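Participant: With the sequence up front, the predicted model follows.
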Amino acid sequence: MNSAELDFDPVTEDDICDIEHYLSLCQYEESNHNLINMFLWMEWYPLFKVKTERYYLLLGIHEGQLFIYMPLCREEDFDEAILKAKEIFDWHGVPFVLSCFTSRMMDHVLKLFPEYSACPAPESFDYVYLTEKLISFSGKKLQKKRNHLNAFYAEYQDRYEYESLNEENVKECLAFLEEWKKDVTEDDFFEYERRGVRRLLQRYAVFHYRGGLIRIDGKVKAFAIGSLLSERMCQENVEKADDRIRGLYQAIMREMLMHEFKDTLYCNREDDMGRENLRQAKRAYAPVMMIEKFKLCKG
């Protein structure tokens, strides 16, 4: 199946306010149900919508298979939304597949459809950290990361400055992005990610995110973008830095969280997409919990 075969509307930037409203009803603490993440990966994972007064359905296509995300709605409207989604899949004559469901919402589905099975998707589990820990870098588990961070501050203490993102300096971030890992040309992951980040930076006034950059000797060498998942949890959507500078990745994460999200309890740093280098990097920061996600289908 491809997008040309579907008779409902694709998600566009015109839907941002609607999606933000419906996300506020459910307060999902899961990285795929985050507006900035949705638009970041829109080319890789196209989205389609079905909207009613009480719920908003997001449907996607992955490897030719149509699936539905968790409905955006109040919990009391969840079952009705799921049943409506089942009608849509039945009408199209395709298997009803649900993806990126947390364990709690998975239980709702299994009560409605006991004949369905749920399979964990470890590559999509979210890594969640205490925000304070990613600011203080305290504790034995973060010793190595703290050493890198301290090395950065020691060498660049009089040469670096942090700035919150604004309509002007995002242009400098965009220029930095175009040069970031420019030699990587055969990895679809990097290409689609670069396109998505470019879209976010070019439309700073459209998307409601926060973030910051680090300059060294006046030049942008790192930037990060974050957003709120819920009242207590932020999500780090983008983190880019010159990896030739020791401790810069640790510094941009710390500075961004300290200046933009210090009032949150948790920071969701998303999943590892099944990529071993990302898995090792995320584990190294000692997550306090993982948000498990499941795929559900009949059989």
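Facilitator: Okay, I see it.
Participant: okay, now the domains of this structure?
Facilitator: Domain ranges of the chain: 3-124, 126-270, per automatic domain parsing.
Participant: residue boundaries of the strands in this protein?
Facilitator: With DSSP state E applied, the chain shows strands at 47-51, 55-62, 65-68, 72-73, 98-102, 116-120, 126-130, 160-164, 210-216, 219-228, 233-241, 266-268, 289-291, 293-298, listed in chain order.
Participant: Of all those, which one comes closest to residue 29?
Facilitator: Across those, the minimum distance to residue 29, taken as Cβ to Cβ, is reached by strand 233-241, at 5.0 Å. Just so you know, the C-beta spots here come from the backbone N, C-alpha and C atoms, and that holds for glycine as well.
Participant: Parallel or antiparallel, list what pairs with the closest one.
Facilitator: Here the strand partners of strand 233-241, with direction, are listed using DSSP bridges: strand 219-228 (antiparallel), strand 266-268 (parallel).
Participant: helices and strands around the lowest-mean-pLDDT helix or strand in the chain, which ones?
Facilitator: Each helix and strand of the chain was given a mean pLDDT (mean pLDDT, DSSP states H and E); the minimum falls on helix 188-202 at a mean of 91. Using 3 or more Cβ pairs under 8 Å, 6 or more residues apart in numbering; DSSP states H and E as the contact criterion, the elements in contact with helix 188-202 are helix 35-40, helix 169-179, strand 233-241.
Participant: same thing but at 6 Å, please
Facilitator: Contacts defined by 3 or more Cβ pairs under 6 Å, 6 or more residues apart in numbering; DSSP states H and E place helix 188-202 against helix 169-179.
Participant: on contacts alone, who are the packing partners of the helix it packs on?
Facilitator: Under the contact criterion of 3+ Cβ pairs under 6 Å, 6+ apart, helix 169-179 touches helix 188-202, strand 219-228.
Participant: Which parts of that helix count as buried, going by neighbours?
Facilitator: When burial is assessed from 16 or more other Cβ atoms under 10 Å, helix 169-179 yields the following buried residues: 169, 170, 172, 173, 174, 176, 177.
Participant: export that helix as CSV, just CAs?
Facilitator: As requested, C-alpha coordinates have been extracted for helix 169-179 and formatted as CSV (Å, rounded to 0.1, in the frame of the first residue of the first chain):
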residue,chain,number,x,y,z
ASN,A,169,20.1,32.5,15.0
VAL,A,170,18.2,29.4,13.6
LYS,A,171,19.6,30.5,10.2
GLU,A,172,23.1,30.0,11.6
CYS,A,173,22.0,26.5,12.9
LEU,A,174,20.8,25.8,9.4
ALA,A,175,24.2,26.7,7.9
PHE,A,176,25.9,24.5,10.5
LEU,A,177,23.5,21.6,9.7
GLU,A,178,24.4,21.7,6.0
GLU,A,179,28.1,21.1,6.9
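Participant: So what's the gap between it and the chain middle?
Facilitator: Helix 169-179 has its C-alpha centroid displaced from the chain centroid by 20 Å (Cα atoms, centre = their mean, to the nearest Å).
Participant: same check, this time on stretch 78-92
Facilitator: 26 Å.
Participant: what mean pLDDT would you report for that stretch?
Facilitator: The average pLDDT for stretch 78-92 rounds to 95.
Participant: Can you name the residues in contact with it?
Facilitator: Counting contacts by Cβ atoms under 6 Å, 6 or more residues apart in numbering, the residues outside stretch 78-92 that touch it are 55, 57, 68, 71, 73, 96, 108, 112.
Participant: The fifth one touches residue 53, doesn't it?
Facilitator: Read that as residue 73. No: distance between residue 73 and residue 53: 10.1 Å, which falls outside the contact criterion (Cβ atoms under 6 Å).
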